[in-house]
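**Student:** pasting a predicted model and its sequence here:
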Amino acid sequence: MDIERSKALVIGEIEARHHQLGELSQKIHSNPELGFQEVKAADWLTQYLEENGFSVERGICELPTAFRGSYGQGKPAMAILAEYDALPELGHACGHNLIAASAIGAGVASKSAIDRFGGSIIVIGTPAEELYGGKAIMADRGAFDNLDIAMMVHPGTHNVATTEALACQALEVEFFGKAAHAASRPEAGINALEAMLQSFNAINSLRQHIKPKSRVHGIITDGGKAANVVPAHSAGVFLVRAEDDTYLNELKQKVLNCFIGVATASGTRLEYRWGDISYAPLRNNLTLAQLFRQNMEILGRKMPLSDPSSSFGSTDFGNVSQLVPSIHPFVAIAPVEEGVHSPQFATAAISEAGIQGLLDAAKALAMTVVDLVANPEIVVKVKDEFAGKIDD
Ligand SMILES: [Zn+2]
Ligand SMILES: [Zn+2]
């Protein structure tokens, strides 16, 4: 049968490129580059795509390390997203080297399916996931317009076909008080550090009454300069997260009220700024997730559709998933206690299990491409689900 033959072909393509993809992943891992500085990674990835018949545009969306490589012209237009940024000090502790190599592998392997059935495959290089929400910027600049489907696979500690990711926005706050000698004239001072500490207390009181899965957490970035001076200035950065945008907006106001109330009570002056990037919650397309899951199971990797025990944060892929029917499955490469953003996970990202995750992810992505190009009615179903015509 055509579809099975086509799937066998894409699997064979990825196995044949086992060493090249492993090397690509290893090179990116050994040369960690922070968000928007991923010059080497973007070079290696675009070069590989070009050598394999993709037409490549570099520096798309006015971001020098973003790119777009496409093969084929027709519909459906299916994007596979690559991430390749590292974390400060920890290097590739989020395993984005594996995401990059699996996206490239899946893209190149999908060529045979495009040649056979039509459609187009677009590998989109999306920089700065960790620090600047690159995909949110790219979404605003039109990078995901005119796509029918978007997919990427992230390494993690669970095999799971869907991802829960929260809406999230950052808040920077500053309190301005009045300096005075902390022992000889404390009555002359207005303590900006105390205002910050009271704000933490107010948020902690609020926490009991916020919806499950919402998160509010922060750090103090300035708490004064000397113990014998009443701090005239304090500063902090907070993140507010919620399951949907409506509740995020409600919660943002409640959190802000904590600071406003404390400013009034303490006599300090408050200045605040919401972050430019707002992360949207991730919307999983279950029709796509089912296809991906079935393909992973053909490869022998058991993958539940959802896993309540898997952890969640926020990702700029959420913003993509609001525009295009999307999936963002996780492939397990490390045990639960060695979660992402740990030195152990950085090691897992170059381990045998890491490579296996990369290859399985690339294969299952390309097999899903086969399903989509060979069955136009599935693409209709995916789009109907996205449009809300069937319950998601
Ligand atoms: Zn990360
Ligand atoms: Zn990540």
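**Tutor:** Great, that's in hand. Residues are numbered from 1 along each chain as shown. Ligands and ions are numbered 1, 2, ... in the order given.
**Student:** make sure residue 254 is indeed in a helix.
**Tutor:** Yes: membership of residue 254 in a helix is supported by DSSP: H, G, I helix; E, B strand; the rest coil.
**Student:** contacts only, for the closest residue to it other than its chain neighbours.
**Tutor:** Nearest non-adjacent residue to residue 254, counting by CB to CB, 6 or more residues apart in numbering: residue 206, 5.9 Å away. All C-beta atoms are positioned from the backbone trio N, CA, C, and that covers glycine. The neighbours of residue 206, taking CB atoms under 8 Å, 6 or more residues apart in numbering as the test, are 216, 254, 255, 258.
**Student:** as CSV, those residues with neighbour count and pLDDT would be great.
**Tutor:** Below are the contacts of residue 206 laid out as CSV (neighbours: other CB atoms under 10 Å; pLDDT from 0 to 100):
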residue, neighbour count, pLDDT
216, 21, 98
254, 16, 98
255, 23, 98
258, 21, 98
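**Student:** dump these into JSON lines; add distance to residue 288 as well.
**Tutor:** Formatted as JSON lines, these follow (distance: CB to CB, whole Å):
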{"residue": "216", "distance to residue 288": "32"}
{"residue": "254", "distance to residue 288": "35"}
{"residue": "255", "distance to residue 288": "34"}
{"residue": "258", "distance to residue 288": "40"}
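**Student:** could you pull up phi and psi at the residue nearest to residue 254?
**Tutor:** phi -60, psi -40 (degrees, to the nearest 10).
**Student:** please apply the same query to residue 104.
**Tutor:** Dihedral angles (degrees, to the nearest 10) for residue 104: phi -70, psi -40.
**Student:** please look at it and residue 48 and confirm they touch.
**Tutor:** Yes: here residue 104 reaches residue 48: they are 5.6 Å apart, a contact under CB atoms under 8 Å.
**Student:** between those two, who's got more neighbours?
**Tutor:** residue 104 (29 against 23; other CB atoms under 10 Å).
**Student:** gap between the more buried one and residue 128?
**Tutor:** Distance check for residue 104 against residue 128: by CB to CB, to the nearest Å, it reads 18 Å.
**Student:** over to residue 239?
**Tutor:** 17 Å.
**Student:** who has more neighbours, these two?
**Tutor:** Taking other CB under 10 Å, residue 239 and residue 128 do not tie; residue 128 has more neighbours (24 against 19).
**Student:** mind pulling up the pLDDT for the closest residue to that one other than its chain neighbours?
**Tutor:** Leaving aside its chain neighbours, residue 128 sits nearest to residue 35 (3.0 Å; criterion: CB to CB, 6+ apart). Looking at residue 35, its pLDDT is 97.
**Student:** neighbours of residue 35, just the number please.
**Tutor:** 20.
**Student:** repeat for residue 314
**Tutor:** The number of residues near residue 314, taken as other CB under 10 Å, comes to 22.
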